[in-house]
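>>> I need the structure of the sequence given here:
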Amino acid sequence: MKKKILPIILGSLLFSNVFAQNNNLNKTPNAKRVISLDFKKEKGSFNTSFKECVGAGRANEGLRADWQQQLATVRNECGFKYIRMHGLLTDDMAVYREDRNGNPEYNYQYVDALYDYILSIGMKPFVELGFMPGALASGNKTIFWWRGNVTPPKDYKKWEGLIRNLTQHFTERYGTDEVKTWYFEVWNEPNLKDGFWTGSQDDYLKLYQYSAHAIKSVNQAYRVGGPATAGAAWVPEMINFCSKNSVPIDFVSTHAYGVNQGFLDEYGSTGTVLAKNKESVSGDVWNSRKQIKESAIPGLELHYTEWSSSYTPADPIHDSYHEAAYILEKLKQTGAAANSMSYWTFSDIFEEAGPRFTPFHGGFGLMNTQGIKKSAFFAYSFLNKLGETEIANQDSSSWACKNKKGDVQVLLWDYTYTLPDSVNNQSYYIRDLPAKSKGEVELAIAGMPGGKYRLEVYQTGYKVNDPYTSYLSFNKPDQLSKAQVAMLKKQNNGAAILKENITVSSSGIFSKKLQIRENDVFLINMIKL
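Below is the predicted model:
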């Protein structure tokens, strides 16, 4: 199936960005949006907390070849630096057992294989310490298809011994200087008592205390933090506990999702509803920063080690073209409030509810199980093309940057909440959802160095780098053929929709206009020749 593209005239520039199938879009006039920039007016260094870290399902999945191939892709194209995942200490990683006399035995061959690979592609682990090895667990309660044990340790000193031994092993294998750059996060979402932790808050704080002391006993410079809670919970309590009890803490971590109900939906059995609140996710982040600032340890780093539009791996918004604009809108609102915003997750190779049976099933990933790049992927790959210096910009739904060579990049989008009232995500985002026109955007840049530029334009939106809508047009088959996978990858490869040489006159003025639809995303890249 070959794409047919309609040309749209943008002043003297031809933008090929809307498919022929979209002729019937609602053309209701909208007020013109103007993005006025001055090349010489700099805001400062561009904040890149969005690519500091990305999430993955569980450690054992990281031993798979297809998982590793996808991680290399997102590293290369999206620039992620750290990766965080569950299950490092779960029994399928064969880390811990006890001999007949109850003495601990440690084994890191699977952990080494995973971490060796992560480091080999230029990434670093954001080490999540969990879940409980069976031989050390105080109970049998597990979570997920892969049975992560969520009970406290039967012996906190043995837990401390495991964490100390693990940290020593990392030091011996990778060196002190390397491990100093890592983060150690204790557990995952312990405030969800029916999910990830059967103990109390006090039990978690005890687990944290033993873990922190174990890590710091190896090297005081190693970084440890928590509480890795759902819903931005326990931040003041965590800091207060550490402050009063002289327990080491280097960072606060927590999570936020942009839906209105619940925190954990392991099997996708409840309908989620995307929050209308404009401050969903970002409001949590700013409040966490405020809580830290007002605490006894105001200089702590803040890491949102999970965030997304929805907390269930069965939410079709993750597959929809709407997700790209949503990601950018929330990251723009969040600004520099967090040191990292770790998107959950990079891949649909994710087995909390077991292996998935369809190629698009609402999974968390930026890529589906076959490595097809979703619209959300392009939000991050476009962000990664922005230069290191941000240009001052009053527009709330765009970034403008430049690099040392004088190239200019403008990433702009429309974010429109389209979910009807009383309809959940699972009923709405499974449809073909044509995007309505949002009118005209004018980009005006003053003060640019005159000369020749190579202009590149990239896009994601309805039927543009939008494999999910194509999948819907196939009538949602349970399996994709090899030919269909190849076609979807080729049609949605993120290549520029336009490349041409232009000249900026000695006046330094660059001005272009374009038509934009609901939840369209454009990257305009001007490369100085």
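
>>> the strands in the stretch 51-200 of the chain, which residues?
Counting by DSSP state E, counting those that start in this stretch, one finds strands in the stretch 51-200 of the chain at the ranges 53-58, 82-86, 96-98, 104-106, 124-129, 142-143, 148-149, 183-186.

>>> Would you mind putting the CA coordinates of the first one into PDB?
Extracted in PDB, the C-alpha atoms of strand 53-58 (Å, rounded to 0.1, in the frame of the first residue of the first chain):
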ATOM      1  CA  CYS A  53      16.000   7.400  31.400                       C
ATOM      2  CA  VAL A  54      13.400   5.100  29.900                       C
ATOM      3  CA  GLY A  55      11.600   2.100  31.300                       C
ATOM      4  CA  ALA A  56      11.400  -1.600  30.500                       C
ATOM      5  CA  GLY A  57       9.300  -4.400  31.700                       C
ATOM      6  CA  ARG A  58      11.500  -6.800  33.600                       C
END
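
>>> hey, where'd the helices end up in the stretch 51-200 of the chain?
Along the stretch 51-200 of the chain, counting by DSSP state H, counting those that start in this stretch, helices occupy 65-78, 109-120, 156-174, 176-179.

>>> Could you list the buried residues of the last one?
Using 16 or more other CB atoms under 10 Å as the test for burial, helix 176-179 gives V179. (Each C-beta comes from the backbone N, C-alpha and C, glycine too.)

>>> Check the offset of it from the chain's centre.
For helix 176-179, the distance from its own C-alpha centre to the chain's C-alpha centre is 25 Å (CA atoms, centre = their mean, to the nearest Å).

>>> any idea of the mean pLDDT for that helix?
Confidence over helix 176-179 (mean pLDDT, whole number) is 98.

>>> ditto for stretch 407-418
Per-residue pLDDT values over stretch 407-418 give a mean of 97.

>>> That one: which residues count as buried?
Of all the residues in stretch 407-418, those buried under the rule 16+ other CB under 10 Å are D407, V408, Q409, V410, L411, L412, W413, D414, Y415.

>>> for stretch 102-115, same thing?
Under 16+ other CB under 10 Å, the buried positions of stretch 102-115 are P104, Y108, Y110, V111, L114, Y115.

>>> can you check stretch 269-277 too?
Buried residues in stretch 269-277, defined by neighbour count with 16+ other CB under 10 Å: G271, T272, V273, L274, A275.

>>> how about the residues you listed in CSV, adding distance to S481, pLDDT and secondary structure?
As requested, the buried residues of stretch 269-277 are exported to CSV (distance: CB to CB, whole Å; pLDDT from 0 to 100; DSSP: H, G, I helix; E, B strand; the rest coil):
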residue, distance to S481, pLDDT, secondary structure
G271, 31, 86, coil
T272, 31, 93, coil
V273, 35, 94, coil
L274, 32, 96, strand
A275, 38, 96, coil
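
>>> so how far is S396 from the residue of the chain most remote from its centre?
Here the chain reaches farthest from its C-alpha mean at N101, the gap being 44.6 Å by CA atoms, centre = their mean. From N101 over to S396 the distance is 64 Å, taken as CB to CB, to the nearest Å.

>>> ditto for P355
Distance from P355 to S396, counting by CB to CB: 41 Å.

>>> L114 now?
Counting by CB to CB - L114 and S396 are separated by 40 Å.

>>> do F364 as well
F364 sits 27 Å away from S396 when distances are taken as CB to CB.

>>> Compare those two (neighbour count), which wins?
When F364 and S396 are compared on other CB atoms under 10 Å, the one with more neighbours turns out to be F364, at 26 against 9.

>>> any idea whether the more buried one is helix, strand or coil?
Three-state assignment for F364 (DSSP: H, G, I helix; E, B strand; the rest coil): coil.

>>> count of residues packed around the residue nearest to it when sequence neighbours are not counted?
In space, not counting the residues next to it along the chain, F364 is nearest to T345; the distance is 4.4 Å by CB to CB, 6 or more residues apart in numbering. Here the neighbour count serves as a burial measure; for T345 (other CB under 10 Å) it reads 25.

>>> hang on, isn't T345 packed against V54?
Yes. With the criterion set as CB atoms under 8 Å, T345 and V54 qualify as a contacting pair; they are 7.1 Å apart.

>>> which residues are common contacts for these two?
Contact criterion CB atoms under 8 Å, 6 or more residues apart in numbering; residues shared by T345 and V54: L366.

>>> Let me see the contact set for C242.
Contacts were defined as CB under 8 Å, 6+ apart; by that measure C242 touches P248, I249, I297.

>>> Now the buried members of those residues.
Using 16+ other CB under 10 Å as the threshold, P248, I249 are the buried ones among the contacts of C242.

>>> quick check, nearest of the contacts of C242 to S36?
The closest of those to S36 turns out to be I297 (CB to CB; 41.4 Å).

>>> Contacts only, for that closest one.
Contacts of I297 were listed using CB under 8 Å, 6+ apart, and they are I239, C242, S243, I249.

>>> Name the stretch from the helices of the stretch 51-200 of the chain that approaches L498 most closely.
helix 65-78 (19.6 Å).

>>> chain center to that closest one: distance?
The chain centroid and the centroid of helix 65-78 are separated by 14 Å, computed with CA atoms, centre = their mean.

>>> Buried residues of that helix, list them for me.
Taking 16+ other CB under 10 Å as the basis for neighbour counts, the residues of helix 65-78 that come out buried are W67, Q68, Q70, L71, T73, V74, R75, E77, C78.

>>> ok, now stretch 129-141?
Going by 16+ other CB under 10 Å, stretch 129-141 has these buried residues: L129, G130, F131, M132, P133, A135, L136, A137, S138, K141.

>>> how many other residues sit next to the nearest residue to Q69 once chain neighbours are set aside?
Once its chain neighbours are removed from consideration, Q69 has its nearest residue in G371; the separation is 6.8 Å (CB to CB, 6+ apart). Counted by other CB under 10 Å, the residues lying close to G371 total 17.

>>> who touches G371 in this structure?
Contacts of G371 by CB under 8 Å, 6+ apart are D66, Q69, Q70, T73, K489.

>>> Contacts for stretch 392-402, please.
Contact with stretch 392-402 is made by 33, 35-39, 41-43, 46, 328-329, 332, 383, 386-391, 408-415, 445, as judged by CB under 8 Å, 6+ apart.

>>> Quickly note the distance from H169 to H213.
Here H169 is placed at a distance of 17 Å from H213 (CB to CB).

>>> And for E105?
Using CB to CB, one gets 22 Å for the distance from E105 to H213.

>>> What of G55?
Plainly put, G55 is 27 Å away from H213 if you go by CB to CB.

>>> Look at the two and report which has more neighbours.
G55 (26 against 15).

>>> contacting residues around the more buried one?
Residues counted as contacts of G55 (CB under 8 Å, 6+ apart) are I83, R84, M85, T305, E306, S342, Y343, W344, T345, F346, F364.

>>> rewinding a little: save the contacts of G371 as JSON lines, and put in pLDDT and distance to V95 too.
Putting the contacts of G371 into JSON lines (pLDDT from 0 to 100; distance: CB to CB, whole Å) gives the following:
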{"residue": "D66", "pLDDT": "98", "distance to V95": "24"}
{"residue": "Q69", "pLDDT": "98", "distance to V95": "25"}
{"residue": "Q70", "pLDDT": "98", "distance to V95": "25"}
{"residue": "T73", "pLDDT": "98", "distance to V95": "28"}
{"residue": "K489", "pLDDT": "96", "distance to V95": "36"}
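
>>> low pLDDT regions in the stretch 301-450 of the chain?
When residues are selected by pLDDT under 70, none of them lie in the stretch 301-450 of the chain.
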